[in-house]
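>>> no sequence on hand, only this structure:
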């Protein structure tokens, strides 16, 4: 992946800094959501075209692994990789920060 800056924070945002990516990783890591339908059912109602795009990006970046779980029709589940697991502390910190806001 090509980064816009040498700053580690900017590089992290290049990977996970859009509106939906961290929510998908939250669902995968904290709520054990695995299938497209499970991700689509999140309370934030991510549009399915954006969900498909972000899942593809997360697989390409090595944060999720795409594994077939059904043959006919072919369906996949998305499993966090070891690299994806490293986002858990960030999600917990964001959760803690968000709880202080309300």
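On my side now, so go ahead. The structure presented is a predicted model; accordingly, all values stated were derived computationally and were not measured. Numbering: from 1, shown residues only.

>>> give me the below-cutoff pLDDT ranges for this protein.
The chain contains no residues with pLDDT under 70.

>>> centre-most residue in it?
Central residue of the chain (C-alpha atoms, centre = their mean): residue 25, 2.9 Å from the mean position.

>>> helix/strand/coil for the residue lying closest to residue 75 once chain neighbours are set aside?
Spatially, and ignoring its direct neighbours in sequence, residue 75 is nearest to residue 69 (6.0 Å; C-beta to C-beta, 6 or more residues apart in numbering). Where C-beta positions appear, they are placed from N, C-alpha and C, glycine not excepted. Using DSSP: H, G, I helix; E, B strand; the rest coil, the secondary structure recorded for residue 69 is strand.

>>> touching, residue 69 and residue 79? I think so.
No. Here residue 69 does not reach residue 79: they are 10.0 Å apart, not a contact under C-beta atoms under 8 Å.

>>> these two - which one has more neighbours?
residue 79 (14 against 11; other C-beta atoms under 10 Å).

>>> quick check: which element contains residue 51?
Assigned by DSSP states H and E, residue 51 belongs to helix 48-60.

>>> wait, is residue 45 part of a strand?
No. Per three-state DSSP, residue 45 lies outside any strand segment and is coil.

>>> how many neighbours does it have?
By other C-beta under 10 Å, neighbour count at residue 45 equals 9.

>>> quick one: the residue nearest to the centre of the chain and residue 70, what's the gap?
23 Å (C-beta to C-beta, to the nearest Å).

>>> swap in residue 63?
Distance from residue 63 to residue 70, by C-beta to C-beta: 23 Å.

>>> higher neighbour count, those two?
residue 63 (24 against 10).

>>> now do the contacts for that one.
Counting by C-beta atoms under 8 Å, 6 or more residues apart in numbering, residue 63 touches 15, 25, 80, 81, 83, 84, 87.

>>> list buried residues within the residues you listed.
The neighbour-count test (16 or more other C-beta atoms under 10 Å) marks 25, 80, 84, 87 as buried among the contacts of residue 63.

>>> rebuild the residues you listed as TSV, extending it with distance to residue 46.
Output for those, formatted as TSV (distance: C-beta to C-beta, whole Å):
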residue	distance to residue 46
25	12
80	17
84	18
87	17
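
>>> done for today, thanks.
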